[in-house]
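J.: model this:
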Amino acid sequence: MNSPVETIFTQRRHEPGLQAQAMAEHNAATQARILGVATATTERCYTQRELLDRFKITDRRIRSVFLNGGIEKRFLTLPEASDAGPPVTESQGELLGKHKAQAVAMGTRAVLSCCEQLGVSKDEIAYLCCVSTTGFLTPGLSAHISKALELPRSCGRLDIVGMGCNAGLNALNPVSNWARVNPGKLAMMLCVEVCSAAYVFDGSIETAVVNSLFGDGAAALALMGGELGTAGQGDAGGGAPQIVKFFSCLIPDAIHAMRYDWDEEQGKFSFYLDRDVPYVVGAHAEHVIGNLLKDTGLRQNDIAHWVVHSGGKKVIDSVRVNLGLTKDDVRHTMSVLADYGNLSSGSFLFSYQRLLAEGKVKRGDHGVFMTMGPGSTIESALVRW
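T.: The predicted model follows:
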């Protein structure tokens, strides 16, 4: 016996226009939708000038990096300041401990806030994916979050570790697929980065670039597949957007451009950013968007909303120029960079939250999510409200 979908297409095999319409309707009904987003940060916020003073940085080059990168303030978890002598440093073990404590604290707040926004219980979470690059845990962060929230023991889990700033969209792909094949069940993706657990202070300009850029933050995204009824209607504007398509681009020639290295002298991991990263990313941006929109019937000027990773001022400018975007197109990307710095995997979700809060999204609008990170990698997703 044919399934209902097979029957539709058997009956319409001689009507290609109707067949395409039926397929589109079937795909729309099964695609995962984003129901809501919520964010959380650590407790303490610092301006860039406060950080320079706290760490007694007088080098003009380093001060310029801190003050001219489009960042005004960031949330960080730092050791107690010392009035005399050099700044207090932390061992790799202390940094890992900080990552675990702050990741669980921020992560649980973000998940609970997302559930509250949707009017659902945390006990309804059937799948949890946790993303983090700023610390390593075994068992993974998803187990610690599940225990802290007392999630159902049957809750499925996934941990995405070590993929960097692009990892939020890497995770969204399998999470949306899980939601699609488990209609009516709530999936939660959680990006948690404690970037202050991944710092080295050695006075070099290379580490100064990293230290000037990143901040602590967490973002939870709720998804569901199938018929939603009233679910997701709390979202501002056009309701719960469908996830239409993903496209990934790996640039292996730039595999060393963003990486963690073990610093023997410091006895901890140190993150490295090549100064050519903005140009590598920008040079491939058009290729990525062209392939994302391929076979969709859409052109770039059909995209109403751009949610781009807040990777840094030069990175954002390079993407904007190469794609021909306006400053208004990346307004949320730039404002998140100014208020939080680079939040690694969760940055684009902070921008998405601001887009929704703005209230300008309309039903039928299309949007693009775009993240960049180690690999070097550019990830993208097309959504439709």
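
J.: ok, now how distant is E206 from S196?
T.: 18 Å (C-beta to C-beta, to the nearest Å). From N, CA and C alone the C-beta is placed, and that goes for glycine too.

J.: Between those two, point out the one with more neighbours.
T.: Looking at E206 and S196 with other C-beta atoms under 10 Å, you find the greater number of neighbours at S196, namely 25 against 15.

J.: so what's D317 up against?
T.: Applying C-beta atoms under 8 Å, 6 or more residues apart in numbering to D317 gives the contacts P278.

J.: in what helix or strand does S351 lie?
T.: According to DSSP states H and E, S351 maps onto helix 347-358.

J.: which SS class is the nearest residue to P174 once chain neighbours are set aside?
T.: Sequence neighbours aside, L158 is the residue nearest to P174 in space, at 6.6 Å (criterion: C-beta to C-beta, 6 or more residues apart in numbering). Applying DSSP: H, G, I helix; E, B strand; the rest coil to L158 yields a three-state assignment of strand.

J.: Contact partners for C129?
T.: Counting by C-beta under 8 Å, 6+ apart, the residues that C129 touches are 142, 157-160, 171, 174-175, 187-190.

J.: For it, give its distance to V161.
T.: For C129, the distance to V161 equals 11 Å [C-beta to C-beta].

J.: chain center to the helix ranked longest in the chain: distance?
T.: Of all segments of type helix in the chain, defined using DSSP state H, the longest is helix 92-118. Remark: helix 92-118 is offset 15 Å from the chain centroid, using C-alpha atoms, centre = their mean, to the nearest Å.

J.: Show me where the protein has its strands.
T.: Counting by DSSP state E, the segments of the chain that form strands are 33-40, 45-47, 73-75, 125-132, 156-161, 186-193, 217-224, 242-250, 258-263, 268-273, 305-308, 366-373, 377-384.

J.: Quick check: buried residues in the fifth one?
T.: Along strand 156-161, the positions that meet the burial threshold by neighbour count (16 or more other C-beta atoms under 10 Å) are 157-160.

J.: number of nearby residues for A357?
T.: Residues within reach of A357, counting by other C-beta under 10 Å, total 12.

J.: do you know how far the residue nearest to P174 is from G226?
T.: From L158 to G226 the distance is 20 Å (C-beta to C-beta).

J.: With V383 instead?
T.: In terms of C-beta to C-beta, V383 sits 17 Å off from G226.

J.: same deal with E50?
T.: Distance from E50 to G226, by C-beta to C-beta: 48 Å.

J.: Looking only at neighbour counts, state which of the two leads.
T.: With neighbours defined as other C-beta under 10 Å, E50 and G226 compare such that G226 has more, 18 against 12.

J.: and that one, what pLDDT?
T.: G226 carries a pLDDT value of 87.

J.: Grab the nearest non-local neighbour of it.
T.: For G226, ignoring the flanking residues on the chain, the nearest one in space by C-beta to C-beta, 6+ apart is P183 at 2.6 Å.

J.: mind checking pLDDT for the one you found?
T.: 95.

J.: which residues touch it?
T.: P183 makes contacts with 30, 224-227, as judged by C-beta under 8 Å, 6+ apart.

J.: Out of these, list just those in helices.
T.: Per DSSP H, the subset of the contacts of P183 in helices is T30.

J.: Make JSON lines from the contacts of P183 and add distance to D328 to it.
T.: Below are these laid out as JSON lines (distance: C-beta to C-beta, whole Å):
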{"residue": "T30", "distance to D328": "34"}
{"residue": "M224", "distance to D328": "31"}
{"residue": "G225", "distance to D328": "33"}
{"residue": "G226", "distance to D328": "35"}
{"residue": "E227", "distance to D328": "35"}
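
J.: And the contacts of P183, which two are furthest apart?
T.: Using C-beta to C-beta, these span at most 11.5 Å, a distance reached by T30 and M224.

J.: Mind checking which of these two has more residues around it?
T.: More neighbours surround M224 than the other of T30 and M224, with 26 against 16 (other C-beta under 10 Å).

J.: what sits opposite that one in the beta ladder?
T.: For M224, the beta-bridge partners are R33 (DSSP bridges).

J.: do the same with L190
T.: In this entry, L190 is beta-bridged to C130, A220, by DSSP bridges.

J.: That one and G217 touch, don't they?
T.: No. Applying C-beta atoms under 8 Å, one finds L190 not in contact with G217, separated by 11.5 Å.

J.: that older thread, out of the strands of the chain, which gets the lowest mean score?
T.: For those, mean pLDDT drops lowest on strand 268-273, to a mean of 78.

J.: which strands and helices sit next to that strand?
T.: helix 92-118, helix 205-211, strand 258-263 (3 or more C-beta pairs under 8 Å, 6 or more residues apart in numbering; DSSP states H and E).

J.: For S64, find the nearest of these.
T.: Smallest distance to S64 across the helices and strands packed on strand 268-273 (C-beta to C-beta): 9.6 Å, for helix 205-211.

J.: Which residues belonging to that closest one are considered buried?
T.: 207-211.
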